[in-house]
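**Q** Need the 3D shape of this:
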Amino acid sequence: MAQPGNGHRAALLDQGCTQIVALCRAVRVELGSVVVRADGEFGSQASIAQIAGHQVGWLIRAKDYATLLAHPDVRAVVSRGSARTMQQPDSPIVRELFDVPDLEWSRLDGGPSVRTRLIVTRTAWPAAWGKPAVGHLHDGFVYELFVTSLPPDVASAAEIVSLYLGRGALEATLAQEDQEMTTDRWITHRALGQDLFQLMSQWVWNHRVVLGQALVAEAALRVTPWEVAVTPIEPTPIEAPPDGRTATPDAPATPDAPATPDVPATPDVPATPDVPATPSAREQAPSESEPERFGPEHFTRDAAGQVHCPAGQILRPSEIRTRRSGDRQRYRASLPICASCPQVTRCCASTGPLLQGRVVDLPVAPSAPPPVPQEPRSRPAPPAPTPSPSLPPTPRRPRRLPVWHHASLLWTDLSACALRRAFVDTLWSEHVEFEEVLNPAPPRSTRSSRDRRAHRRATWVERLARNARDPRTNSPTLVVHGVPDALARLVGVPTSCSLHHENPDGSAGTEETGRDHVGGEGG
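**A** Reported below is the predicted structural model:
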């Protein structure tokens, strides 16, 4: 499912869910027992709503730390402290677990909320380790968020986290694919050709699994209880739980930091008010006397969807900007209006001549259809971090969790690697003999024709007559040694202690072979 460049997450996720639903219907699996596991790229409300629209569950690492960690229910659970920890068998990291069984994850742009289960993990993170790759750093701890549709009676918090972290096993499968399926890389340099040979390689991959299953006696499916070791601890209340917006500094401020503006000047140094302010002195001037600049929160939107600046002027919408936190609608004010506005200093933060009017990015209005963007996109708008004050989120009916019918969590997989190796090892141990009984061919006429002398094209009747096998000649026999009977029966090749063929005189001849030999006749 990889795409060049940044790709389109919404279209990619919809395509994957559609294929999963089609596969479940083909093998008659209930959609309520299917969980889509995705990484943090899809950890937003829009992606979860898209997955829930296909009637399947989800297990995703959430990335909206500002909204989830600031939720009152989450802060209440985290502040009480954790009563249990978990540790992966192949990792020294110990995680504290916080479980929020039912959380209504609201969207700031007025979209439908998502009711999900949230699991928060807390890991000690020394300053010597540097900045963590994932998670939110606060007071020497890294907080990670996992959202899932699995209720607590189906899987515990430790099982959910371990199930998500177990997705690293996919790397081993990709490594095996690089070793066994190399034709899509060297046989062509075209994208369509690589896709074609990738499908052919997967077809061979699947047939090796089926043929390998015919060689082994044990069952191919493995059922493993997904159990995770959990250590109970004494809960320690957390006085200052994280809010997800600001991370604590890794190191205290250095003593040679610049002095604050309220530090009085020493009496032995005379003040020099006559010296003009240099650009560097202007940057170090105190900001208390400067007026606060108008931010996006000072711009309002009326009932008709028009955006007004603090001076009451109307801004026109332009393009839609894509950001990591969600799509934003860009609004622009005309240059003549901003140049003659008395609040231009606070709005545009410029004392010189303006080159353009004020530009502000606001969340896409849910009531009014957005203008056509510069590039076509088919995905819905992800959540926006800061809504407009005049547009409170519209209350809508939250999505419900799917219905589950399992009492325990079991991991069922296929020992495909062992099956493929069993078939390949058996294939290399086979020995093939090709025998053909040579009989004297009947004499042919040496007379030629004018068409043959002129090398004219032969008709189809002449070609078929020339290439037809003489019924008086024997059929060649192909003998393959070392093929197990189960594999021969699977591919439909007869096995026998002797191979029978018909002699030219009509009598039955016999060729002795071995017990595990496979014989066949071909023209």
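
**Q** going forward, measure contacts between C-alpha atoms and count neighbours the same way
**A** Fine.

**Q** Confirm Val493 sits in a strand?
**A** No. The assignment for Val493, made by DSSP: H, G, I helix; E, B strand; the rest coil, is coil rather than a strand.

**Q** what residue is smack in the middle of the chain?
**A** Ala38 (5.0 Å; C-alpha atoms, centre = their mean).

**Q** Now do that residue against His8, distance only.
**A** Applying C-alpha to C-alpha, to the nearest Å, the value for Ala38 to His8 is 15 Å.

**Q** Point me to the residue sitting farthest from the middle of the protein.
**A** Most remote from the centre of the chain, using C-alpha atoms, centre = their mean: Arg447, at 72.7 Å.

**Q** Next one, pLDDT for the residue nearest to the centre of the chain please.
**A** As summarised for this prediction, Ala38 has a pLDDT of 90.

**Q** again, but for the one 4 residues further on
**A** Here, the pLDDT recorded for Phe42 equals 89.

**Q** For the closest residue to it other than its chain neighbours, give its distance to Ser149.
**A** With sequence-adjacent residues excluded and distances taken as C-alpha to C-alpha, 6 or more residues apart in numbering, Phe42 is closest to Ile60, at 7.1 Å. According to C-alpha to C-alpha, Ile60 stands 10 Å off from Ser149.

**Q** can you map out the helices along the stretch 351-500 of the chain?
**A** Along the stretch 351-500 of the chain, counting by DSSP state H, counting those that start in this stretch, helices occupy 416-428, 450-453, 460-467, 485-491.

**Q** In JSON lines: these, plus mean neighbour count and mean pLDDT.
**A** JSON lines is the format used below for these (neighbours: other C-alpha atoms under 10 Å; pLDDT from 0 to 100):
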{"stretch": "helix 416-428", "mean neighbour count": "16", "mean pLDDT": "85"}
{"stretch": "helix 450-453", "mean neighbour count": "9", "mean pLDDT": "75"}
{"stretch": "helix 460-467", "mean neighbour count": "10", "mean pLDDT": "86"}
{"stretch": "helix 485-491", "mean neighbour count": "14", "mean pLDDT": "81"}
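
**Q** could you redo those as a markdown table and give each row distance to His308?
**A** Shown next, in a markdown table, are the helices of the stretch 351-500 of the chain (distance: least, C-alpha to C-alpha, whole Å):
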| stretch | distance to His308 |
| --- | --- |
| helix 416-428 | 62 |
| helix 450-453 | 92 |
| helix 460-467 | 83 |
| helix 485-491 | 74 |
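
**Q** Those: which one's closest to Leu215?
**A** Smallest distance to Leu215 across the helices of the stretch 351-500 of the chain (C-alpha to C-alpha): 6.3 Å, for helix 485-491.

**Q** Three-state assignment for Arg122, please.
**A** strand.

**Q** Oops, could you answer that again for Leu103 instead?
**A** Leu103 is classified as strand under three-state DSSP.

**Q** start the count at 8, not 1, going forward
**A** All set: I'll call the first residue 8, so the last point we hit is now Leu110.

**Q** From what I see, it and Ser120 are in contact.
**A** No. With contact defined as C-alpha atoms under 8 Å, Leu110 does not reach Ser120; the gap is 10.0 Å.

**Q** Those two: which has the busier surroundings?
**A** Counted by other C-alpha atoms under 10 Å, Leu110 and Ser120 do not tie: Ser120 has more neighbours, with 22 against 17.

**Q** Would you list the phi and psi of the closest residue to that one other than its chain neighbours?
**A** Residue nearest to Ser120 in three dimensions, not counting chain neighbours: Ser113, with 4.3 Å by C-alpha to C-alpha, 6+ apart. Phi and psi for Ser113, reported as degrees, to the nearest 10, are phi -90, psi 150.

**Q** show me the contacts for Ser113.
**A** 119-121 (C-alpha atoms under 8 Å, 6 or more residues apart in numbering).

**Q** Could you single out the nearest of those residues to Val81?
**A** Val121 (15.1 Å).

**Q** Check the closest one and give its pLDDT.
**A** Value for Val121, per-residue pLDDT: 85.

**Q** pull the helix or strand with minimum mean pLDDT from the chain.
**A** Of all helical and strand segments in the chain, the minimum by mean pLDDT, DSSP states H and E falls on helix 286-290, at a mean of 40.
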